[in-house]
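Colleague: just a sequence and a predicted model for now, questions to come.
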Amino acid sequence: MYLRKTVTVTTNADGDGTGYTPVVSGRISQIRYVKTDFANGVDFTITLEATGETVWAEENVNASATRAPRQPTHSTAGVAALYAAAGQAVNAPIVAVRDRVKIVVAAGGATTTGTFHVVLE
């Protein structure tokens, strides 16, 4: 079962803004940014509020975009888990546990808006 939380962020005169989902729990499947009138080159830093864990951080976004954020996994010894042949990181979904997703926008232009759809499973 999937759950979608929609957050509209409005920037201040400096082009900065912050928005939050309600408290959620689950795997973060994807985040969809829908451009309304943020300036081209807008920057996003999306984290879990309680832990500060990065969910999506991207600079200079010009158009609507969808991301399916994942994080690297580790062994019980704290060593990065890698695919043996290629040495590529093994990634897993980011999990929110009774936490809010915090969306920070910078360089969005004065008093502009954009919408974020956070999909959890």
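Modeller: Here it is on my side, so go on.
Colleague: grab the nearest non-local neighbour of Val105.
Modeller: Gly17 (4.6 Å; C-beta to C-beta, 6 or more residues apart in numbering). In short, each C-beta sits where N, CA and C put it, glycine included.
Colleague: and that neighbour, what pLDDT?
Modeller: pLDDT recorded at Gly17 is 98.
Colleague: what's the answer for the one 4 residues further on, then?
Modeller: What the model reports as pLDDT for Thr21 is 98.
Colleague: same deal with Ala85?
Modeller: In this model, Ala85 is scored at 65, pLDDT.
Colleague: strands of this structure, start to end?
Modeller: Ranges of strands in the chain, per DSSP state E, are 3-10, 17-20, 24-35, 42-48, 54-61, 65-67, 70-72, 91-99, 101-106, 113-120.
Colleague: which one of those lies nearest to Leu82?
Modeller: Of all these, strand 70-72 sits nearest to Leu82, with 9.0 Å by C-beta to C-beta.
Colleague: can you list the strands that the closest one pairs with?
Modeller: Paired strands of strand 70-72, with direction, are strand 91-99 (antiparallel) (DSSP bridges).
Colleague: and the angle from the partner strand to strand 113-120?
Modeller: Here strand 91-99 points in a direction 100 degrees away from that of strand 113-120 (axes from the mean of the first three to the mean of the last three C-alpha atoms, to 10 degrees).
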